[in-house]
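Asks: What follows is a predicted protein model with its sequence.
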Amino acid sequence: MNTPLPRLPAPAPLEMPEQRFDGPPPPGRAPEPFDGRIGSGADTFARRALLVLLTLVLALAASTTLKESVLTDGLTISDMLLLTVFFPLFALLAFGFINTVIGYIVLATGLHPGFTPMPRWSEPLKGRTAILMPVHNEEIGEVCGRLAHMADALARAGTCGAFDFFILSDSAAENEAEEVAAWQALAERSDCAIYYRRRVENVGRKPGNIADWLRAHGAAYDYMLMLDADSLMGGETIVGMTQIMDRRPGVALLQTVPQVIGASTLFQRWMQFSSRIYGPAATAGLVWWSGAEATFWGHNALIRVRAFADSCGLPVLPGAPPFGGTIMSHDVVEAALLRRRGWHVHMVMTEETFEEYPPTLIDAGVRDRRWAQGNLQHLQLLGASGFHWINRLQLLLGAAGYLASPLWLLLILVSVVQAVRGEPGLMSGDPSGMVLELTLALLFGPKLLGILHALTDTRRRQALGGAGGILRSVLVDVPLSTLAAPGIALTQTIDLIGVATQRKAEWHAQNRRVDGLPMAAILPRYRWHVVLGAMLLALSPLMPAAALWLSPVTAGLLLSPLIVQWTASERWGARAARAGVFVTDAGREPSPPLPVLAAD
């Protein structure tokens, strides 16, 4: 008779005190000295100063040009509103552009190697690592398939003794039997220890799940590899990251940059291609200036257990949801709390780290709704005691990324009113035309740099389908992204109105497999998009010059339901692949395909 597998190891309790955001900051705990050679350096302040200075110069120059244009007939209320909204929007756009330009320069000159394999050393691993996979009503067979892939890779590396896997379930009770069966099948076939726990009460969502594990078992481990249910990492990458943590006692967190895999719908293939061609330059720029104050994305990251437990016990924010209550976008806050205690947080551009992407624009919007609420919560943490100014900037940028959508729509609304009334404005011709042209350059400049980087790098060029495949894909991506952007902005605006009116985001399981959406499921979510597009179309004869500038916005809003339906199709995704559009092979994705364990 087979001995039953233990669901959990012996308890190893670890304290995780709740942190405060007011009062004197807690004392630093990181070991000193630390040389900061991983992604940081003595010139870090100069790098950040350059980024901020260039951003302000561009934003002030554009705002001054616009001001000279709109004040030719005196200052009106619409002028004041236009100038007030324009500056922060343009500054945010300039910040992203300069970040990407810097990233492109460091990649093109070899100052940063880009995505590279994780280094390995011959010395044995010193610490023990728990690999944590939180799940919430997921397709457990696919989850266990990803875990099997990682466990097999660690077994081939001969390092299973240093790693334990934990499936930490917040799923409904009716899913427990299926999850247990899948876990048992996985644990019986694996050389690594694999455990399973399901919480009865899902207090605090994912951070609460991790905190419960830390308080019960954290003392037995030095590091924890944080995953999401769709995460996958290579064995060499996991072992190499652990060796870095062994060698650098002042580093508390190593955040990798996951590559998108598993695409089947046209939307997923499009997002996968976009991340591969445009992502490296933007990420290299982020690494260049963030240094030891890098951010945390909540998954595909290796964390020092005791530093995290000591620093990152999250309190419940005062007030009612959506602004109060459980901290939803916990990861950026946790990075700030680690840095507050003197620990270093770094981002590494390494290979063999992956995640999946939502299958449709609607599913991406549902995820964005949760992120929007969580990021707006961060506004009340900007004054938290002891936070590094870069961490405050990251909190602000996260919130600004969502606030930008209603501000862009407000900018368009003010411009339409001015154009209909015949007033000088953003879309009324020179010299403001220079501002629009500069705005377009900042919007599309990062895409051009991504294309140049891909075409001049032999390996990446081949991985993306060669020069022809890249150009074909870009010819689809540019108009498609231009048309989709207004719909995404309006969706985010509607969601922010929901947040402001106290409609909190619910915690539902994510859709990871969809093949097509009926129009009946799309139109209720996009009726306001079509209405606004129709209004802009009706006003076009009254503002011919502005209507020309706004034609991509008008068309995108009117076509938004069709764009959602078209991109949600696996059939169109397969057609694009056969045509050599949105090709993203080659080299970094797991091969052979991931095993999927049956749960029976």
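Replies: Okay, I see it.
Asks: Can you tell me the closest non-neighbouring residue to Ala155?
Replies: The shortest distance from Ala155 to any non-neighbouring residue, by Cβ to Cβ, 6 or more residues apart in numbering, is to Asp191 (4.3 Å). (C-beta placed from N, C-alpha, C; glycine too.)
Asks: what does Met241 give?
Replies: Counting by Cβ to Cβ, 6+ apart, Leu302 is the residue found nearest to Met241 once chain neighbours are left out, at 4.5 Å.
Asks: How many residues are close by that neighbour?
Replies: Burial measure for Leu302: 25 neighbouring residues, criterion other Cβ atoms under 10 Å.
Asks: Same question for the one 5 residues further on.
Replies: Other residues lying near Ala307 total 25 when counted by other Cβ under 10 Å.
Asks: list the contacts for it?
Replies: The contact partners of Ala307, by Cβ atoms under 8 Å, 6 or more residues apart in numbering, come to 29-30, 252-253, 338, 341, 343.
Asks: pLDDT below threshold where in the stretch 251-400 of the chain?
Replies: Low-confidence segments of the stretch 251-400 of the chain, defined by pLDDT under 70, are absent; every residue clears the threshold.
Asks: so how far is stretch 164-175 from its chain's centroid?
Replies: Relative to its parent chain, stretch 164-175 has a centroid offset of 24 Å by Cα atoms, centre = their mean, to the nearest Å.
Asks: contacting residues around it?
Replies: For stretch 164-175, using Cβ under 8 Å, 6+ apart, the contacting residues are 9, 128-138, 140, 143-144, 147, 150-151, 176, 179, 183, 190, 192-200, 202, 205-206, 209-210, 213, 217, 221.
Asks: Spell out the residue ranges of the strands in the stretch 151-300 of the chain.
Replies: 163-169, 193-198, 223-226, 232-233, 251-256, 259-260 (DSSP state E, counting those that start in this stretch).
Asks: Turn these into CSV, columns for distance to Gly74.
Replies: What follows is these, written out as CSV (distance: least, Cβ to Cβ, whole Å):
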stretch, distance to Gly74
strand 163-169, 63
strand 193-198, 67
strand 223-226, 57
strand 232-233, 60
strand 251-256, 51
strand 259-260, 51
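Asks: hmm, back to that, distance check, the residue nearest to Ala155 against Val180.
Replies: Distance from Asp191 to Val180, counting by Cβ to Cβ, to the nearest Å: 21 Å.
Asks: the more surrounded of the two?
Replies: Val180 (18 against 13).
Asks: which residue packs closest to that one, ignoring adjacent ones?
Replies: Using Cβ to Cβ, 6+ apart and skipping residues adjacent in sequence, the residue nearest Val180 is Tyr196, 6.5 Å away.
Asks: Distance-wise, check that neighbour relative to Ala185.
Replies: Taking Cβ to Cβ as the criterion, Tyr196 is separated from Ala185 by 11 Å.
Asks: ok, these two, which is more surrounded?
Replies: Just comparing Tyr196 and Ala185: by other Cβ under 10 Å the higher neighbour count belongs to Tyr196, 23 against 17.
Asks: which residues does that one contact?
Replies: Taking Cβ under 8 Å, 6+ apart, we find Tyr196 in contact with 7-8, 166-167, 169, 179-180, 183, 187.
Asks: Between those residues, which sits nearest Thr491?
Replies: Proximity of those to Thr491 was ranked by Cβ to Cβ; the top entry is Ser169 with 30.9 Å.
Asks: Just give the closest residue to that closest one, not the sequence neighbours.
Replies: The spatially closest residue to Ser169, leaving aside those adjacent along the chain, is Arg198, at 3.9 Å (Cβ to Cβ, 6+ apart).
Asks: And that neighbour, how close does it get to Ala91?
Replies: Arg198 sits 47 Å away from Ala91 when distances are taken as Cβ to Cβ.
Asks: try Thr84
Replies: Distance, Thr84 to Ala91, using Cβ to Cβ: 12 Å.
Asks: Now stretch 383-391: buried residues?
Replies: Taking 16 or more other Cβ atoms under 10 Å as the neighbour-count basis, stretch 383-391 is seen to contain the buried residues 384, 386-387, 390-391.
Asks: Narrow those residues to those in helices?
Replies: Per DSSP state H, helices hold the following members of the buried residues of stretch 383-391: 390-391.
Asks: would JSON lines of the buried residues of stretch 383-391 with distance to Glu293 be doable?
Replies: JSON lines is the format used below for those (distance: Cβ to Cβ, whole Å):
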{"residue": "Ala384", "distance to Glu293": "14"}
{"residue": "Gly386", "distance to Glu293": "13"}
{"residue": "Phe387", "distance to Glu293": "10"}
{"residue": "Ile390", "distance to Glu293": "4"}
{"residue": "Asn391", "distance to Glu293": "6"}
